[in-house]
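Participant: Quick one, structure for this:
(4 chains)
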There are 2 protein chains.
Amino acid sequence: MVTVRDVARAAGVSISTVSRALAVPDKVAVETRDRVAAIAAELGYQPNRAAAGLRAGRTGALGLLVPDLSNPYFAAVAKGVAEVAREHGLGVFVVDSEEDPALEVELLRSLAHQTDGVILASPRALEAARPPVGGKPVVVINQDGPLAVGTDNAGGMRLAVEHLYALGHRRVAYVGGPAASWSDAQRRVALDVAGELGVEVVALGPHRPTVDGGAAAADAVVAAGVTAAITFNDVVAVGLVRAVRERGVRVPEDLSVVGFDDTFLAALVTPALTSVGADLREVGRRATDLLVGRLGPAGAEAEPPTASLLLPATLAVRASTAPVPEER
Amino acid sequence: MVTVRDVARAAGVSISTVSRALAVPDKVAVETRDRVAAIAAELGYQPNRAAAGLRAGRTGALGLLVPDLSNPYFAAVAKGVAEVAREHGLGVFVVDSEEDPALEVELLRSLAHQTDGVILASPRALEAARPPVGGKPVVVINQDGPLAVGTDNAGGMRLAVEHLYALGHRRVAYVGGPAASWSDAQRRVALDVAGELGVEVVALGPHRPTVDGGAAAADAVVAAGVTAAITFNDVVAVGLVRAVRERGVRVPEDLSVVGFDDTFLAALVTPALTSVGADLREVGRRATDLLVGRLGPAGAEAEPPTASLLLPATLAVRASTAPVPEER
DNA sequence: GTGAAAGCGCTAACAG
DNA sequence: CTGTTAGCGCTTTCAC
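Facilitator: Numbers count the residues shown, from 1 in each chain, chains lettered A, B, ... in the order given. Got it, this is the predicted structure:
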């Protein structure tokens, strides 16, 4: 490993000059700076981050804790996080809690310990987020907290209902997700807007956020006598579509279906799903911005102690929604 | 932050005793050890990994470099990597090269520098993998290299062809992936087995590994007069299925389709895809095992310098393949 | 069985 | 503008 000492020796200067030439070029003679830079490059010197971090009382890394990395939703968030972290020269420790609340809490502690701060995506353990863990800032995604980033679920629900209303639907089912889901809770509250618009809503669930969960809701949806359904997420929508079809219900001719999350899955299935989504990568970016903003040694306290960001929801209209057929 | 000094002071011992009591309990009096352990727990002491690493010349972290984390394939691998790393008390820096070969090389260098070793999944830049980067071991997934883990593509292709043969198919298309893909190259070579089995193969492509790539192959597949197609991956299969359907070809009645990778997508689409897969999580696990095996300070040189693991492929038979219809 | 001290690589005073 | 020095938190000889 090439260290400052190696570079210093080769350049005929002291180690502090090397350190300065690379970190604070202004404070070093141009000539010296160039020479040091050249030799450092030649030797392939790269500062040891652990050592720098130890000195600075930082680790140079952020933590990202997700319930399930296989879920495209979190993968997208992770990409946004990684992107911004890289811009700041920070690494990202990605950890998967396997949807286990207990493990989540444990991982959060250990992650907080070996990073400068963590981003907690869609926490499954409610108590996890609360105060800065071990003095490290924690930004929560899809949950309330002092530092929070989320999608505008209410706005998204409104988009979905307005879309269906415009197509003539007046009685709609909401196939909800897990009872512990913050997003689901927000969406259920937002169902009020449906009433204002003159759309009657039948709220179903809780259901598991899986294909089986969607399939399990099929009978209830059919029995509810609705012409459209909004589901907790795209996967549930896929399960619902499949199951109602087996019962002879055509989508979208007999039943329009709107998913949530607008994952790439929505575009792949047949019929392609109309879905309420958000720029997940942007969610990751913003969460990271927020976190990085709390890291500065100076000015850190100047930042307001809390900050919540609500990113706009969008509606991707595809083939799973259609006008209500004329009554015969 | 709680340090060894805090624990030492509270326990009335020296810092070295604290360190030993926690790391090498045998070398400390039972009584002392218990007292130190109790106080450490009470104070919530957790060793600073950066400091320990600095001392040991290690970082305590592994790097995982993937082309695209949104790809369920790599997400699954990542989960396996994270699992094993955690067992060894190692963190995982996950980095996404965004499918950019140039960026990949750059990221690999920087990642190697701040970790004890890296796992390089499906490298897009061929020159990236070669020798240990900066003296750090590199395990490659889906590529040749001194330390490599991959899926048995030849075996997988054989499974697919045998399955189709058993269904009566005698003329089959292979819709290949990107020219630079190692997996694709392996599969094309493996097409020989088809001949031995008495199945004629029409190799198409290269095509992009996307829905559009699959759709682009539709005309060629139809024109080839085949009764079945094997595709580079599930996404390509989805694109192919969609596009041939628009041309009035039914799947599986008129055309059987076999995907590759057996991602969760395969089970979600309609018809559900028959797909050649592997335990991706296990691929991640094995790659990590291999890497961790090269880390030990002692015995590191005792390990053979190279090691290649080929994990078995499996065939998940679903609804997209069916017997060849009787000639009329 | 325990303590004192050195040093991993780096940066930030503090001198010059 | 540059060099010397201390010390981040930890582990590990080396003494006792």
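
Participant: Contacts for the one helix or strand A:L291 maps to, please.
Facilitator: Per DSSP states H and E, A:L291 falls inside helix A:280-293. The contact list for helix A:280-293 (Cβ atoms under 8 Å, 6 or more residues apart in numbering or on different chains) reads A:62, A:73, A:76-85, A:88, A:90, A:117-119, A:121, A:137, A:139, A:141, A:147, A:149-151, A:261, A:303, A:307, A:309, A:311. Where you see a C-beta, it was placed from the backbone N, CA and C, and this is true even at glycine.

Participant: What is the distance between stretch A:83-95 and the centre of its chain?
Facilitator: Relative to its chain's centre, stretch A:83-95 lies at 15 Å (Cα atoms, centre = their mean, to the nearest Å).

Participant: Is any residue of that stretch near DNA strand C?
Facilitator: No. Using Cβ under 7 Å from any atom of the strand, stretch A:83-95 stays clear of DNA strand C, coming no nearer than 10.9 Å.

Participant: so where is chain A shaky, pLDDT-wise?
Facilitator: The model of chain A has pLDDT under 70 over residues A:126-132, A:296-304, A:327-328.

Participant: Next up, the contacts around whatever residue of the stretch 51-200 of chain A ends up closest to DNA strand D.
Facilitator: DNA strand D sits closest to A:R55 of the stretch 51-200 of chain A, with a gap of 3.6 Å, by Cβ to the nearest atom of the strand. Neighbouring residues of A:R55 by Cβ under 8 Å, 6+ apart: there are none.

Participant: any idea whether it is helix, strand or coil?
Facilitator: Following DSSP: H, G, I helix; E, B strand; the rest coil, A:R55 is assigned to helix.

Participant: can you check A:L64 too?
Facilitator: Following three-state DSSP, we place A:L64 in the strand state.

Participant: and A:T210, what is it in contact with?
Facilitator: Counted by Cβ under 8 Å, 6+ apart, A:T210 has contacts A:235-236, A:239.

Participant: How is chain A partitioned into domains?
Facilitator: If you go by automatic domain parsing, the domain ranges for chain A are A:4-47, A:61-150+A:280-295, A:153-277.

Participant: now those domains in JSON lines, with distance to B:P47?
Facilitator: Formatted as JSON lines, these follow (distance: least, Cβ to Cβ, whole Å):
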{"stretch": "domain A:4-47", "distance to B:P47": "23"}
{"stretch": "domain A:61-150+A:280-295", "distance to B:P47": "9"}
{"stretch": "domain A:153-277", "distance to B:P47": "34"}
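
Participant: between those, which gets nearest to B:V2?
Facilitator: Closest of these to B:V2 is domain A:61-150+A:280-295, at 9.3 Å (criterion: Cβ to Cβ).

Participant: okay, how far is it across that closest one, tip to tip?
Facilitator: Using Cα to Cα, to the nearest Å, the end-to-end distance of domain A:61-150+A:280-295 comes to 11 Å.

Participant: check contacts around A:L54.
Facilitator: Per Cβ under 8 Å, 6+ apart, neighbours of A:L54: B:48, B:50-51, B:54.

Participant: What sits closest to it if chain neighbours are left out?
Facilitator: B:A50 (4.9 Å; Cβ to Cβ, 6 or more residues apart in numbering or on different chains).

Participant: quick one: what helix or strand has that neighbour in it?
Facilitator: Counting by DSSP H and E, B:A50 is part of helix B:49-56.

Participant: Is DNA strand C within reach of that helix?
Facilitator: Yes. Contact of helix B:49-56 with DNA strand C (Cβ under 7 Å from any atom of the strand) involves B:51, B:54-55.

Participant: Help me confirm that A:P178 is found in a helix?
Facilitator: No. Using three-state DSSP, the assignment for A:P178 is coil, not a helix.

Participant: Now stretch A:235-248: buried residues?
Facilitator: By neighbour count with 16 or more other Cβ atoms under 10 Å in any protein chain shown, stretch A:235-248 contains the buried residues A:235-244.

Participant: Show the overlap between these and what lies near chain B.
Facilitator: Taking Cβ under 8 Å from any Cβ of the partner chain as the test, chain B is in contact with A:235, A:238, A:242 out of the buried residues of stretch A:235-248.

Participant: Kindly reformat those residues as CSV containing secondary structure.
Facilitator: Converted to CSV, those look like this (three-state DSSP):
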residue, secondary structure
A:V235, helix
A:V238, helix
A:R242, helix
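
Participant: Looking at those, spot the one nearest B:V13.
Facilitator: Using Cβ to Cβ, these come closest to B:V13 at A:V235, 55.1 Å.

Participant: gap between A:A61 and B:I15?
Facilitator: A:A61 sits 26 Å away from B:I15, going by Cβ to Cβ, to the nearest Å.

Participant: more crowded one of these two?
Facilitator: Of the pair A:A61 and B:I15, A:A61 is the one with more neighbours under other Cβ atoms under 10 Å in any protein chain shown, namely 24 against 14.

Participant: So in terms of bridging, what pairs with the more buried one?
Facilitator: A:G91 (DSSP bridges).

Participant: How about the contacts made by it?
Facilitator: Contacts here follow Cβ under 8 Å, 6+ apart; on that basis A:A61 touches A:90-93, A:114-116, B:91, B:93.

Participant: can you give me the angle the helix holding A:L291 makes with strand A:61-66?
Facilitator: Calculated by axes from the mean of the first three to the mean of the last three Cα atoms, to 10 degrees, helix A:280-293 forms an angle of 140 degrees with strand A:61-66.

Participant: Check which element follows helix A:280-293 along the chain.
Facilitator: That would be, after helix A:280-293 and using DSSP H and E, strand A:307-311.

Participant: which secondary structure elements does that next one contact?
Facilitator: Judged by 3 or more Cβ pairs under 8 Å, 6 or more residues apart in numbering or on different chains; DSSP states H and E, the packing partners of strand A:307-311 are strand A:147-151, helix A:280-293.

Participant: now do 10 Å
Facilitator: Contacts defined by 3 or more Cβ pairs under 10 Å, 6 or more residues apart in numbering or on different chains; DSSP states H and E place strand A:307-311 against strand A:138-141, strand A:147-151, helix A:153-166, helix A:280-293.

Participant: And it, what's buried?
Facilitator: Residues A:307, A:309, A:311 are the ones in strand A:307-311 that count as buried (16+ other Cβ under 10 Å).

Participant: show me what contacts the closest residue to the second one other than its chain neighbours?
Facilitator: It stands for A:L309. Among residues not flanking A:L309 along the chain, A:V149 sits closest, at 4.6 Å (Cβ to Cβ, 6+ apart). Applying Cβ atoms under 10 Å, 6 or more residues apart in numbering or on different chains to A:V149 gives the contacts A:77, A:119, A:121, A:139-143, A:282-291, A:307-311.

Participant: again, 7 Å this time
Facilitator: By Cβ atoms under 7 Å, 6 or more residues apart in numbering or on different chains, the residues touching A:V149 are A:139, A:141, A:283, A:286-287, A:290, A:309.

Participant: from memory A:P101 sits against A:S122, does it?
Facilitator: No. Using Cβ atoms under 7 Å, A:P101 is not in contact with A:S122; the gap is 11.6 Å.

Participant: circling back to that earlier point, with the contacts of A:T210 in mind, which one is nearest to DNA strand C?
Facilitator: Checking the contacts of A:T210 against DNA strand C by Cβ to the nearest atom of the strand gives A:V235 as the nearest, at 46.0 Å.

Participant: ok, now which ones touch the closest one?
Facilitator: Contacts of A:V235 were listed using Cβ under 7 Å, 6+ apart, and they are A:209-211, A:214, A:265.

Participant: sec struct for A:V202, please.
Facilitator: A:V202 ends up strand, using three-state DSSP.

Participant: So which residues on chain A come close to DNA strand D?
Facilitator: Counting by Cβ under 7 Å from any atom of the strand, the residues of chain A near DNA strand D are A:12-17, A:20, A:27-29, A:31-33, A:51, A:54-55, A:57.

Participant: Since that was my last question, I'll sign off now.
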